[in-house]
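A.B. asks: sequence plus predicted model, see below.
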Amino acid sequence: MYLKRILVTSVVAASGLFLSACATGPDSPATSGSYQCGQLSVAATSVGNGDQLDVDYQGQRLVLKQAVSASGARYVAPEDDETYFWSKGERALFSVKGQKYPECLQDGALEMPFEATGNEPFWHVRLAHKELVLNRPYDTGEPEKVALETTVASRHGRELRGELDGQELTLKVAHQLCEDTMSGAQFPAQVRLELNGEVFQGCGGDPERLFRGAEWVVEDLAGAGIIDSSRMTVEFLDENRLAGRASCNRYGGQYERTAEGMSFDYMFSTKMACAPALMNQEDRFLELMSKVKRASIGRNGQLVLTTSTGEEITAFQSTENKGNP
């Protein structure tokens, strides 16, 4: 079963969204605080003398104990080393029973490495901590390295500055949905590159962060709504795994992102029988999933899966607690 997914290249960036805040040091150690792991919101609270960490997410609480680590602060669930929260400054790794979430970021932080691209003219940057690798606009030569310092750190994003061949370079990143003007692909950040007085706009960040970390609950199936009290869901998991409920049965498979879109493949489901109406809805859902060629985020935060014939599956993030892990 197939669904093709977008990878983004250029940008729509509204200048009013960019940053105004006092400079801070984003690399200072921090564990307690709010993090965003893709679409998953996590609150971490250090307890006592710091040897315990309470992690709250999706209405659940994990109580983790500090463990030995070569860097950062690592907390692990008792008798379950596949459940952990490992913070390194304003970034963290989070796993629950082996399910790994996207890199967790405190408000405004950037994943590392962070990449962004713009069109007309083409340019590309790759930021790894304080070093920027830049493919300049209007220049087809080798990429150049620039040392950057963070000058603004706010919950909305980051502003970094450096110097290239005597010219001031500024990179501004705002955590706002960005759609490529050429391909229509989407990214989680709007990016503005300023070089020698010229301004170039682009999109950046890992597109996976738009989809992963949430359970998406279907509210409309190709304009026909859904049966009352029925439930269809979509979850994008680590290692390109796909899972969810199809109405009656659970299903799974793989998803693949390409420059053109997204595809679902190797689909399977359980074989439980339900009422005929539910089974018909399930068959319709799985049929549409097999034809999806595009995944996007709508204006109201909804997931929209569009088939090759223009039919849409619309889903919103679940607000239900999943119970104890």
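C.D. replies: Arrived safely, thanks for sending.

A.B. asks: centroid-nearest residue for this structure?
C.D. replies: Most central residue of the chain, judged by C-alpha distance to the mean C-alpha position with Cα atoms, centre = their mean, is R209 at 0.6 Å.

A.B. asks: helix, strand or coil for that one?
C.D. replies: Per DSSP: H, G, I helix; E, B strand; the rest coil, the secondary structure class of R209 is helix.

A.B. asks: so how far is S69 from it?
C.D. replies: Applying Cβ to Cβ, to the nearest Å, one obtains 24 Å for the distance of R209 from S69. To be clear about C-beta, it is placed using only N, CA and C from the backbone, and glycine gets the same treatment.

A.B. asks: just to revisit the earlier point, shouldn't the residue nearest to the centre of the chain be in contact with P188?
C.D. replies: Yes. Shown here, R209 and P188 form a contact pair, counting by Cβ atoms under 8 Å, at 4.7 Å.

A.B. asks: could you pull up the residues touching G141?
C.D. replies: For G141, no residue meets the contact criterion (Cβ atoms under 8 Å, 6 or more residues apart in numbering).

A.B. asks: begin at 9 from now on, thanks
C.D. replies: Okay, using 9 as the starting number, the last item reads as G149.

A.B. asks: give me the pLDDT value at it.
C.D. replies: If you check G149, the pLDDT there is 88.

A.B. asks: now it: which helix or strand?
C.D. replies: Secondary-structure element containing G149, defined by DSSP states H and E: none, the residue being outside all helices and strands.

A.B. asks: would you map the helices across this structure?
C.D. replies: 284-297 (DSSP state H).

A.B. asks: got the domain ranges for it?
C.D. replies: Taking automatic domain parsing as the domain assignment, the ranges for the chain are 16-30+117-215, 41-114, 219-325.

A.B. asks: do I have it right that Q262 meets N248?
C.D. replies: Yes. Using Cβ under 8 Å as the test, Q262 is close enough to N248 to be in contact (5.3 Å).

A.B. asks: who touches both of these two?
C.D. replies: None of the residues lies in contact with both Q262 and N248 under the rule Cβ under 8 Å, 6+ apart.

A.B. asks: pLDDT weak spots in the stretch 59-208 of the chain?
C.D. replies: Judged by pLDDT under 70, the stretch 59-208 of the chain has no weakly predicted residues.

A.B. asks: could you report the neighbour count for the spatially closest residue to R163 that is not a sequence neighbour?
C.D. replies: Closest residue in space to R163, ignoring its immediate chain neighbours: D115 at 3.6 Å, by Cβ to Cβ, 6 or more residues apart in numbering. One way to gauge burial is a neighbour count; for D115, by other Cβ atoms under 10 Å, it gives 15.
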